[in-house]
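1. build me a model:
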Amino acid sequence: MHIAIDLRPWMGEYKTGVGQYIEGLLDSLFSLETQHIFTLFTSGKQQVKFPKKWQKYTHVQSVHLPMSNKFLHFCLYLLHYPRLDQYVSKKTGSVVDVWFSPNMHFTPLSLDVRHIMTIHDLSFLLYPKFFTKKQQLWHKLVNAKRQARLADQVIVPSYNTKQDVVDYYHFSEEKVSVIYPGVTAIEKSEVIEHLPQKYMVYVGTCEPRKNIRGIIHAYVKSHAHDMGYDLVLAGAPGWKCKDVQAMVQYTPGVHALGYISAEQKRFLYEHATLALFPSFYEGFGFPPVEAAYYHCPVITSNSSSLPEVMGGAAYYVDPYHIDTIADGIGHMLTSSDLRERFCVLDKKQVELFQWESSAKQFLSLINNIL
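-> Next up is the predicted model:
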């Protein structure tokens, strides 16, 4: 079977949640014993460099469409041309049986090709205020609902997201499959110089949906700085990040590292007293799972997918109330028993988040739609 995988969502400068999902899934998918052929589709003026770990597989190949992405998106949206599966089939000499979209994008396909797509969350629909006008327009033009309706199967990363998709898109339960992502074990840590001796940490994109302003306000209100704890923020810059940077400059004890490597992220978690992730909405939420994986106590939101994902391994707060976040910080900092209780994912949760299991479920899904 010939499976084409759309890697355009993976091509960004920063590998955040979606990029992390794609790389983790493909790592395990390619390592499984299978007769399938996988073709990685990319586009743009510059040829894409793939990780060396993918280049060793003889059943993995790539096709690049050497065209400006802006012009390509114009053609895909207005002309519905080229049909991406036909382009890949022509370049490889093998008909594409299944097209996998690991995130929504402009994706015109032939009527006879099977299509599986992943919807990570419906934040763009439920919370449009967290997106720029340009981002809102992009989501409107991509028309995720229509794409998902035409797809043979939709993958989501949590039951909470499945319920959102079923409720808001009016799909049947059978059309939407939950496949939990895995946690990627980072083999080594990389020292970050000049970190505070005692600190709590936020890791994630700097954007309004992540509630970083709320984290800073709660940090101040908790008087954690008076107790000798600093706040370290790490992650890729996003929309309204300058507002957060301004807060950092005038708030004592707060530090912003910017984007960090996976190895640095492990080091940050391993030496932090607390991990804070009171996000307003998540389809899954990699950062709190990763923090618990490295035995860092977690404070996170009591809403969206986070209680489902974290189970009993987190202290839950209301992301809309600064006082509850501040109280959570105070309680956790002053109680070693609480920190011990909320620093490890239980065995059941750990078993849910295995990339090998995700890859096997993905292949099973493909077999079921053919």
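
2. next, count neighbours for residue 212.
-> A count of nearby residues for residue 212, using other Cβ atoms under 10 Å, gives 28. The way it works is simple: take the backbone N, C-alpha and C, and place the C-beta from them, glycine included.

3. what sits against it?
-> Contact analysis of residue 212 by Cβ atoms under 8 Å, 6 or more residues apart in numbering lists 202, 206, 233, 244.

4. now residue 62
-> 39-42, 48, 50.

5. assign a three-state SS to it, would you?
-> strand (DSSP: H, G, I helix; E, B strand; the rest coil).

6. among the contacts of residue 212, which are located in helices?
-> Judged by DSSP state H, the subset of the contacts of residue 212 located in helices is residue 244.

7. buried ones among the contacts of residue 212?
-> 202, 206, 233, 244 (16 or more other Cβ atoms under 10 Å).

8. farthest-apart pair in the contacts of residue 62, please.
-> Spanning the widest gap among those are 39 and 48, at 13.1 Å by Cβ to Cβ.

9. the two: which has the busier surroundings?
-> residue 39 (22 against 15).

10. state whether residue 140 is indeed within a helix.
-> Yes. Counting by three-state DSSP, residue 140 falls inside a helix.

11. what about it, distance to residue 125?
-> Per Cβ to Cβ, to the nearest Å, residue 140 is found 10 Å from residue 125.

12. got the buried ones among the contacts of residue 212 as TSV, with distance to residue 164 and pLDDT columns?
-> Formatted as TSV, those follow (distance: Cβ to Cβ, whole Å; pLDDT from 0 to 100):
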residue	distance to residue 164	pLDDT
202	25	98
206	24	94
233	28	98
244	27	93
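
13. so residue 329, which state does it fall into?
-> Residue 329 - assigned by three-state DSSP - is helix.

14. one more: the one 3 residues further on?
-> Assigned by three-state DSSP, the conformation of residue 332 is helix.

15. any idea how far residue 274 is from it?
-> For residue 332, the distance to residue 274 - Cβ to Cβ - is 6 Å.

16. phi and psi next, for the spatially most distant residue from the centre of the chain.
-> What lies farthest from the middle of the chain is residue 226; by Cα atoms, centre = their mean that is 34.3 Å. Reported as degrees, to the nearest 10, the phi and psi values for residue 226 are phi -70, psi -20.

17. distance check, it against residue 297.
-> 20 Å.

18. and what of residue 264?
-> Distance from residue 264 to residue 297, by Cβ to Cβ: 20 Å.

19. likewise for residue 229?
-> Distance from residue 229 to residue 297, counting by Cβ to Cβ: 13 Å.

20. same check on residue 42?
-> 40 Å.

21. more neighbours, the two?
-> Using other Cβ under 10 Å as the criterion, residue 42 and residue 297 rank with residue 297 on top: 25 against 21.

22. would you agree the more buried one is in contact with residue 276?
-> No. Checked against Cβ atoms under 8 Å, the pair residue 297 and residue 276 is beyond contact range at 10.0 Å.

23. joint contacts of those two?
-> Shared contacts of residue 297 and residue 276, defined by Cβ under 8 Å, 6+ apart, are absent.

24. low-confidence stretches in the stretch 151-300 of the chain?
-> Counting by pLDDT under 70, not a single residue of the stretch 151-300 of the chain qualifies.

25. what are the boundaries of the helices in it?
-> Ranges of helices in the stretch 151-300 of the chain, per DSSP state H, counting those that start in this stretch, are 159-169, 212-221, 241-250, 262-271, 286-293.

26. helices or strands next to the third one in the packing?
-> Yep, that's helix 241-250 we're talking about. The contact analysis (3 or more Cβ pairs under 8 Å, 6 or more residues apart in numbering; DSSP states H and E) places helix 241-250 against helix 212-221, strand 254-258.

27. list the buried ones in the last one?
-> It stands for strand 254-258. Per 16+ other Cβ under 10 Å, strand 254-258 contains these buried residues: 254-257.

28. so that strand versus helix 262-271, what angle?
-> 160 degrees (axes from the mean of the first three to the mean of the last three Cα atoms, to 10 degrees).

29. check which helices and strands strand 254-258 is in contact with.
-> By 3+ Cβ pairs under 8 Å, 6+ apart, strand 254-258 packs against strand 230-234, helix 241-250.

30. now the first one, how far from the centre of its chain.
-> Averaged C-alpha coordinates place strand 230-234 at 20 Å from its chain's average position (Cα atoms, centre = their mean, to the nearest Å).
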